[in-house]
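Enquirer: Return atomic coordinates for the entry below.
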Amino acid sequence: MSTQILKGLRVLDLSRMLSGPYCTMHLADHGAEVIKIENGNGDTSRGNGPFRKDDPAHDWAGYFVSLNRGKKSVRLDLKSPDGKAQFLKLAATADVIVENFRPGVMERLGLSYETLSEANPRLVYAAIRGFGDPRSGASPYSDWPSYDVVAQAMGGLIAMTGPDAQTPTKTGPGVGDIFAGMMMAFGIMAALREAEATGKGQFVDVAMYDAMISLCERMVYLHDMTGAVPGPQGNGHPFLAPFGLFPARDGHVALGIVDDIFWQRLATLMGQPALADDPRYATRAARASHAAEVNALVTDWSRQHSKAELTTLLGGEVPYGPMNTIADITCDPHVAARSMLAEVQGPIADQKPWTIAANPLRFGAHGHRPLAAPPALGADNGLLMSLVSAAETDPDAKRALRNAFGSFATGVTVVATRQSDGTPRGFTANSFTSVSLDPPLLLVCIGKAAHSCEAFVEAEHFTVNILADHQKEVSGLFASQSADKFDRAEWRVDAQNMPLIEGALANFSCAQHRLVDAGDHLILIGRVMDFEISNGSPLGYFKGAYFDVGLDETLADTAAAAGVSLGAVLAQNDHILLCEDGAGQVSVPSAPASNNSVSGLTTRLTDLGLSPALDHLYAVYQTAQGNAQRLIYHGVVDGDAPAGTRYFKLDALPLDRVKDEAERSMLRRYVQEQQYGAFGIYHGTEVEGVVHAVTGHRKYHI
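Expert: As a prediction, the model looks like this:
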């Protein structure tokens, strides 16, 4: 059955046949978005059969259906320039890539781990190979092709399986593939955990040969401790008896008698209680020494009874089970109770569902949904149309996103979503911040005890709404447990039908990217899909009280009237405008003493032939010595530098020639902040201080 534990995880599956698809099947079963990348006729297993009679076109092989349920399919020719370019875009959005080619295949395509990780450093690249990857140890067999039977043979499994040394026997299921795939599923999750903590992915590989050695660990320690070379034990055990398969009148049954108390109980149930105290059989060691005799005694007794009779007699009394065929399994009440045979509806609604083996993992905190159908070849090629490479990202949108991320002071926001029945849910969050521009990510902390917590855990989308200074009532409303908060608030919906709070300073529409446990809180990380920003001042909250962090022109002019000087850091692309005196000393443009005001500052610049645009206060500071106070605005300017001024490139500012030490400190900070495009209001001296973040109405799509 399917859970959504791995929702938000994107996996690109380039693997074929069994080992890789089995690995990614487990990820898909638990909510990961697994996208099969297929070429030509698709995964080889699509044509392997068997096919049902109601599928005359042979579109749906049982081999493929079983392993690829719940996945998507994108058809790409990785050898073509266009196919390669599209794959690179897709890989930049992925958390995991899984492939099971021979070494060097992806390198020859120009799609090696090293190449892909340059654009996506957090990528976990998983490779399942017959003999491993040279990155982790170059095997002399690296270039050999390998399938399940080869791994079973070389890894020792076949040497230990069968009735005797002259009759080596391959294990029925494809254990060489399946066990390697299962090991890789664990490796992927381990690497993802580190990637989430560090932001760095890595290359992970499993050799099928190595996996079989691990599976056959018994032969390793037996050889080390006894010098023996373990061979086939038939259906028995090398040092336990009775242990293995025993005949019944209509088949076979399994017994695993290890503890002496179970031997005593079996002897009684066999009607031979004296065997329990017989010194030849009374202890585990004694039974091992007389294994042939013990097994013969049990065999002579068990073959007189049917499987059903033995089940009635031994079931629950000793370690016992009948040897089931699939016909027996389909009738077993355990299988029904555990829903281990799942039905998957194919793409044709009135077609009989397929029956496949369900996922055996059960998670108590998650509902188990029906498994989804496997994909038709190329069924999801449409998602390629939504991909945008990093090189195509609009720089204006990126700059706007940086500004939007910096549009709040203390993170007073309303976070909103809808629960499964469509009911809107929301709460006021003061613990909100941006965490990444590429990809654009925001995080919010949600108390596990909060009424809305479960709704946000389950939601695929949510919004973050940064409140403006006039929305104190909105903040209070959503901080309450009022059932009618959405009836009393003004809101609309975004493209995902998620609530957006009207009048907010900024609205971010997000897809759930990650959930991280943080003690009594959950950290909800969202990937920004769209955002809107408006002019205004953000709502602040400190020690239980709201405050307005906007420092407007009236306040600035009032301060100027009290003797505080006004200046501006004015940018033109990657340069800023500075005044330069005859001695070569530089400073930011300032308002004239005759008109020490915001309008006086802009008038002076305009009279010089410039076109300034001040957007917000950048610094409020005083010098540590002398206590001179200044208000500095941030803005942009157009026009050639007039006499007495000069444009200086940001990475070559003559900081040693800035005559005011506090101004020098401020400009040094400006250079650092300009790299990120997120400016704030600085309040302090040239030695120390605090930066308060600050933002017509624009809408953006990421």
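
Enquirer: make it CA atoms for all contacts and neighbour counts henceforth
Expert: Noted.

Enquirer: contacting residues for the residue lying closest to Gln4 once chain neighbours are set aside?
Expert: Excluding the flanking residues, the one nearest Gln4 by C-alpha to C-alpha, 6 or more residues apart in numbering is Gly31, at 4.0 Å. Contacts for Gly31 (C-alpha atoms under 8 Å, 6 or more residues apart in numbering) come out as Ser2, Thr3, Gln4, Ile5, Leu6, Lys7, Gly8, Leu9.

Enquirer: got it, and Leu515?
Expert: Counted by C-alpha under 8 Å, 6+ apart, Leu515 has contacts Val457, Leu522, Ile523, Leu524, Ile525.

Enquirer: Quick one: name whatever helix or strand follows the strand or helix carrying it.
Expert: For Leu515, the host element (DSSP states H and E) is strand 506-518. Downstream of strand 506-518, the first helix or strand assigned by DSSP H and E is strand 521-533.

Enquirer: helices or strands next to that next one in the packing?
Expert: strand 440-447, strand 506-518, strand 698-701 (3 or more C-alpha pairs under 8 Å, 6 or more residues apart in numbering; DSSP states H and E).

Enquirer: Give me the distance from it to the chain's centre.
Expert: Remark: strand 521-533 is offset 15 Å from the chain centroid, using C-alpha atoms, centre = their mean, to the nearest Å.

Enquirer: Note down every partner strand of that strand and its orientation.
Expert: According to DSSP bridges, strand 521-533 forms sheet pairs with strand 440-447 (antiparallel), strand 506-518 (antiparallel), strand 698-701 (antiparallel).

Enquirer: mean confidence for the next helix or strand after the first one?
Expert: Read in the C-terminal direction, the helix or strand following strand 440-447 is helix 453-458, with elements assigned using DSSP H and E. Confidence over helix 453-458, taken as the mean pLDDT, stands at 87.

Enquirer: In terms of secondary structure, what does helix 453-458 contact?
Expert: Helix 453-458 sits against strand 413-418, with contacts defined as 3+ C-alpha pairs under 8 Å, 6+ apart.

Enquirer: can you list contacts of the strand it packs on?
Expert: Applying C-alpha under 8 Å, 6+ apart, the external contacts of strand 413-418 come out as 424-430, 432, 455-456, 459, 461-467, 475, 478, 498-501.

Enquirer: Distance from the host helix or strand of Ala190 to the middle of the chain?
Expert: Ala190 is located in helix 175-198, with elements delineated by DSSP H and E. How far helix 175-198 lies from its chain's middle: 13 Å, per C-alpha atoms, centre = their mean.

Enquirer: So the residue nearest to Gln4: helix, strand or coil?
Expert: The three-state label given to Gly31 by DSSP: H, G, I helix; E, B strand; the rest coil is coil.

Enquirer: Most neighbours among the contacts of Leu515, which one?
Expert: Ile525 (22 neighbours; other C-alpha atoms under 10 Å).

Enquirer: Distance check, Cys216 against Ala153.
Expert: In this view, Cys216 and Ala153 are 11 Å apart by C-alpha to C-alpha, to the nearest Å.

Enquirer: Likewise for Gly635?
Expert: According to C-alpha to C-alpha, Gly635 and Ala153 sit 73 Å apart.

Enquirer: for Thr463, same thing?
Expert: Thr463 is 55 Å from Ala153, by C-alpha to C-alpha.

Enquirer: related to what we said a few turns ago, including distance to Gly234, could the helices and strands packed on strand 521-533 go into a markdown table?
Expert: Listed next are these as a markdown table, based on distance: least, C-alpha to C-alpha, whole Å:
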| stretch | distance to Gly234 |
| --- | --- |
| strand 440-447 | 57 |
| strand 506-518 | 49 |
| strand 698-701 | 65 |
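
Enquirer: Now render those strands as CSV, adding mean pLDDT and distance to Arg303.
Expert: What follows is the helices and strands packed on strand 521-533, written out as CSV (pLDDT from 0 to 100; distance: least, C-alpha to C-alpha, whole Å):
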stretch, mean pLDDT, distance to Arg303
strand 440-447, 87, 62
strand 506-518, 86, 56
strand 698-701, 60, 73
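
Enquirer: Of all the ones you listed, which one is nearest Pro374?
Expert: The closest of the helices and strands packed on strand 521-533 to Pro374 is strand 506-518. By C-alpha to C-alpha, the value is 24.2 Å.

Enquirer: So what's the gap between the closest one and the chain middle?
Expert: Here strand 506-518 is found 12 Å from its chain centre; the criterion is C-alpha atoms, centre = their mean.
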